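# I need the structure of the sequence given here:
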Amino acid sequence: MKRRTFVAGAAALAAGSALAALAPARAADGKIEKPDLIIGVGGKPLLYYLPLTIAEQKGFFKEEGLNVTINDFAGGAKSLQALIGGSVDIVAGAYEHTIRMQNKGQNIIAVCGLGRFPGIVVAVRKSLADDIKSVKDLKGRKMGVTAPGSSTALMLQYALKKNGLAIDDAALIGIGSGSSAVAAIKNGEVDGLSHVDPVIAQLESDGEIKVLIDTRTEKGTRDVFGGPNPAATVYLPHDFAQTNPVTTQKVVNAFMKALDFIHSAKPEDIAATVPAEYLLGDKQLYMRAFEASREMYSPDGMITKEGYDSMMSVLKGLDPELANADVAFDKTFDPTFVKAAKR
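Numbering: from 1, shown residues only. Model prediction:
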């Protein structure tokens, strides 16, 4: 695919804002401009990205007239790179990426919130529990993350800094998702990890880890961040949404159907829907992991200003490039497609 550059000037942004208000109306009954889409994601089997899998497996994309190909990358940072490089059209990825890209002058915007809490757990190998009693003891340790630059890495770095350490005091090692992450702990390749379910649930069930931080619930998230912290979103180039408003609306429709299904389904319905290999060989464990994580999924597809403020505070504290950033909330999330979604 042709490489695209998403750098917008002030005039283009103003014009885009005017078009954004018209997008849902244009998308209501129009022809799908781009029915064949490529969606990027970093770690599709993870519960963090369950809405994407549900939309795919339940046929919600097809119901909306879309032919979707999903490219699964080693981590969220890789899927963002693919979007910037033009090899995917849309990404299911962390909300923080919209802030980072806007700060760099690249007009990437979220159009649907999927996760209102990170769902990320920081834990260490049980055999090291006597030596590592808190985050402060992670200095000099090797910690697994889905991929460097991913939201799991960001979470760990934030925890390190909050506990008086430098963000590089622990070595961050990409261990991927699924069975590779489980193996990294069991084989002693890393001392601990910052990861999500079902990997965490599998390791807990096997007695392999001691949990230090848990953001699968609102309480756990507020304990760490002081507020909500938006996680997975659907994000894309702003000009894609404006050039393809019908397509964008159909994509959001499909994800909203998936969120509705997640909140109403029984755990066994979820387990029966996802590919068998996502269960990591233990259906009952997967069901328990889903139920423990259900609270983190967005009930309405929205991202709140409170969530934005929480995320900005984290990023300003971690990234020197963002320390003095002035990125407006409405440049990171456009709610118009969610508000117009047919569910």
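
# tell me the centre residue of the protein?
For the chain, residue 232 is the residue whose C-alpha lies nearest the centre (CA atoms, centre = their mean; 2.6 Å).

# got phi/psi on it?
Torsion angles at residue 232 (phi, psi; degrees, to the nearest 10) stand at phi -70, psi 140.

# can you start the count at 7 instead of 1 from here on
All set: I'll call the first residue 7, so the last point we hit is now residue 238.

# OK, contacts around it?
By CB atoms under 8 Å, 6 or more residues apart in numbering, the residues touching residue 238 are 54-55, 57, 98-101, 119-121. C-beta: built from backbone N, CA, C; applies to glycine.

# cutoff 7 Å now
By CB atoms under 7 Å, 6 or more residues apart in numbering, residue 238 lies in contact with 54-55, 98-100, 120-121.

# next one: residue 53
So residue 53 contacts 125, 202-204, 295-296, 299 (CB under 7 Å, 6+ apart).

# and those residues as TSV, adding distance to residue 330, pLDDT and neighbour count?
TSV is the format used below for the contacts of residue 53 (distance: CB to CB, whole Å; pLDDT from 0 to 100; neighbours: other CB atoms under 10 Å):
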residue	distance to residue 330	pLDDT	neighbour count
125	30	92	30
202	31	91	31
203	36	92	25
204	39	91	30
295	40	93	27
296	41	95	24
299	35	90	24
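
# show me how far stretch 235-242 is from its chain's centre.
5 Å (CA atoms, centre = their mean, to the nearest Å).

# please read the previous query as pertaining to stretch 56-67.
Here stretch 56-67 is found 15 Å from its chain centre; the criterion is CA atoms, centre = their mean.

# and for it, what are the contacting residues?
The contact list for stretch 56-67, computed with CB under 7 Å, 6+ apart, reads 47, 50, 74, 76, 98, 120, 260-261, 263-265, 267-268, 279-280, 303.

# in this structure, which spans are strands?
In the chain, the strands defined using DSSP state E lie at 42-48, 73-79, 96-100, 114-119, 127-131, 148-151, 177-180, 198-201, 215-220, 238-243.

# who does the second one touch, helix- and strand-wise?
By that I understand strand 73-79. Under the contact criterion of 3 or more CB pairs under 7 Å, 6 or more residues apart in numbering; DSSP states H and E, strand 73-79 touches strand 42-48, helix 56-63, helix 82-91.

# and the last one, what's its mean pLDDT?
What it means is helix 82-91. In this model, helix 82-91 has an average pLDDT of 94.

# pull the CA atoms of that helix into PDB?
What follows is helix 82-91, C-alpha atoms only, in PDB (Å, rounded to 0.1, in the frame of the first residue of the first chain):
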ATOM      1  CA  GLY A  82       0.900  -2.200  20.200                       C
ATOM      2  CA  ALA A  83       3.900  -0.200  19.100                       C
ATOM      3  CA  LYS A  84       4.300  -2.400  16.100                       C
ATOM      4  CA  SER A  85       0.700  -2.000  15.000                       C
ATOM      5  CA  LEU A  86       1.000   1.800  15.400                       C
ATOM      6  CA  GLN A  87       4.100   1.700  13.100                       C
ATOM      7  CA  ALA A  88       2.100  -0.300  10.600                       C
ATOM      8  CA  LEU A  89      -0.600   2.400  10.600                       C
ATOM      9  CA  ILE A  90       1.900   5.200  10.100                       C
ATOM     10  CA  GLY A  91       3.600   3.200   7.400                       C
END
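
# of all the strands of the chain, which one is nearest residue 348?
Ranking the strands of the chain by proximity to residue 348 (CB to CB) places strand 114-119 first, at 13.3 Å.

# by contact count, what packs against the closest one?
helix 102-109, strand 238-243, helix 251-270, helix 342-345.
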